[in-house]
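> Attaching a predicted model along with its sequence, questions to come.
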Amino acid sequence: MSLQGTRLEVNLDALEHNFHYLKSKLEPEVKFMAVVKANAYGHGAVPVAQKLQELNVDYFAVAYVAEAVELRDHGILKPILVLHAQSFMLETCIDRCIEPVIYSMEMLDTFIAFAKAKQQQSYPIHLEFNTGLNRIGIDITDLEEVIEKVLSNPCIQVRGLQSHLAASEDLTEKDFTASQIQSFKKVNQRLEEVLPYPFLKHESNTSGILNYKNAHFSMVRSGIGLYGYGNDVAFDKELKPIATLKSVISQTRWIDAGESVSYNRKFVAQHKTRYAVIALGHGDGINRIYGYGKASVLIHGEHAPTLGIICMDMFMVDITHIDCKAGDEVIIFNPQHTAGHMAEKAGTISYEILTGIQKRVPRMYV
């Protein structure tokens with residue numbers, strides 16, 4: 001019997017393994033940026049970043065400035081890049097020595113104004129150009145105007161040039177990815193012609209690291225790979241998922257044929273059925289899409305499929321075939337029964353379930 005209750009156990013040795021595996025795919029001079037946005041993909045940004053800083057990672061990336069401030073407040077001294085900086089937080093970037101991604105002409109003008117007001121000299125920025133993902137990014141047609149603004153404003157300096165691959169995990173899209181890489185090279189070539197100093201170039205995410213060596217440039221960015229997922233069966237074998245989500249059985253019950261379980265009677269038993277109530281729900285990140293048997297948990301090594309609708313604080317699983325009792329441990333996912341397997345069965349991806357684990361679920365670091 002376990003008395004520890006619901007928790008997410010994070011294996012920092014597995015994180016170290018994944019970091020070294022991904023680094024092994026790079027030339028020695030290529031820098032490594034660890035993406036720890038969204039609470040390090042649900043694993044806990046501060047402990048994960050502290051471990052990676054011990055491993056001498058070169059850079060960190062987060063989505064928003066508040067995430068970067070949290071890292072600074074907990075002793076993270078390495079450079080931190082904010083991928084989706086917003087204008088109302090740019091002053092905080094400067095105050096906390098955080099590097100913003102400049103992804104529009106408006107953002108460039110706004111940041112220059114802040115940097116001047118703060119009497120900055122050569123404040124580091126990263127320019128993001130859109131090469132086909134069509135999310136955020138400066139249009140390549142605006143490149144010459146960007147160059148003029150950078151060269152005429154000594155308050156800023158280009159620390160990095162970046163873009164983002166749209167389909168690096170999908171090898172049927174090699175031609176499209178090649179076109180993105182070529183567009184990035186053209187922008188880089190032009191900037192190298194006019195800027196009087198060197199700068200970093202980074203376009204590859206985890207799948208770019210693994211599938212496109214010609215897109216490593218001078219730095220790569222890895223998120224999901226650090227947490228144990230490579231978007232490909234071959235690479236998944238080399239990586240170690242670092243998280244195990246555990247809970248406990250709160251109660252077991254029997255119902256007869258014709259009785260229902262959970263809200264709206266979406267599951268009606270066809271025969272006498274025994275089920276267990278698990279102390280976890282969509283308020284913790286186990287979303288309703290995992291109901292109706294679209295996910296299963298492990299109890300004493302056996303699969304127990306979900307029954308009916310997932311509730312906010314609990315869900316039910318079929319244990320008719322399992323010898324178990326209240327207080328017994330439940331594995332929602334682990335390195336063998338992975339979040340990727342669970343997500344795929346429900347028609348989503350590992351990123352979603354990992355980042356969705358709420359902060360009320362305690363994290364334990366082992």
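The structure has been received and is ready for your questions. Residues are numbered from 1 along each chain as shown.
> check contacts around residue 23.
residue 32 (CB atoms under 8 Å, 6 or more residues apart in numbering). The way it works is simple: take the backbone N, C-alpha and C, and place the C-beta from them, glycine included.
> Checking my notes, residue 183 in a helix, right?
Yes. Counting by DSSP: H, G, I helix; E, B strand; the rest coil, residue 183 is found in a helix.
> correct me, but it touches residue 132?
Yes. At 7.2 Å, residue 183 counts as touching residue 132 under the criterion of CB atoms under 8 Å.
> what about stretch 180-199, distance to the chain center?
How far stretch 180-199 lies from its chain's middle: 28 Å, per CA atoms, centre = their mean, to the nearest Å.
> cool, and stretch 318-335?
Using CA atoms, centre = their mean, the offset of stretch 318-335 from its chain centre is 28 Å.
> again, but for stretch 316-326
Worked out by CA atoms, centre = their mean, stretch 316-326 lies 33 Å from the chain centre.
> burial count for the residue nearest to residue 25 when sequence neighbours are not counted?
Leaving aside its sequence neighbours, residue 25 sits nearest to residue 209 (CB to CB, 6 or more residues apart in numbering; 5.5 Å). Residues lying near residue 209 (other CB atoms under 10 Å) number 24.
> residues in contact with residue 209?
22, 25, 26, 216, 220, 222, 225.
> Just give the nearest non-adjacent residue to the last one, would you?
Going back to what we said before, that points to residue 225. residue 206 (3.5 Å).
> just the strands in the stretch 51-200 of the chain please.
For the stretch 51-200 of the chain, applying DSSP state E, counting those that start in this stretch gives strands covering 59-62, 80-82, 99-102, 123-128, 156-162, 200-202.
> Now do the helices in the stretch 1-150 of the chain.
12-23, 37-41, 45-54, 65-73, 90-95, 105-117, 143-151 (DSSP state H, counting those that start in this stretch).
> ranking these by burial, who's on top?
Comparing these by mean neighbour count (mean count of other CB atoms under 10 Å), helix 37-41 comes out on top with a mean of 22.
> Only C-alpha atoms, please: export that one in CSV.
In CSV, the C-alpha atoms belonging to helix 37-41 read as follows (Å, rounded to 0.1, in the frame of the first residue of the first chain):
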residue,chain,number,x,y,z
LYS,A,37,8.5,26.9,-21.2
ALA,A,38,5.1,25.8,-19.7
ASN,A,39,6.7,24.7,-16.4
ALA,A,40,9.3,22.7,-18.3
TYR,A,41,6.6,20.9,-20.2
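> got the contact list for it?
In contact with helix 37-41 (CB under 8 Å, 6+ apart) are residues 35, 45, 47-49, 61-64, 67, 83, 223-224, 227, 351, 354-355, 359.
> are any of those buried, and which?
Among the contacts of helix 37-41, those classed as buried by neighbour count (16 or more other CB atoms under 10 Å) are 35, 45, 47-49, 61-63, 67, 83, 223-224, 227, 351, 354-355.
> Geometric centre of the protein: which residue is closest?
Nearest to the geometric centre of the chain sits residue 41, at 3.8 Å (CA atoms, centre = their mean).
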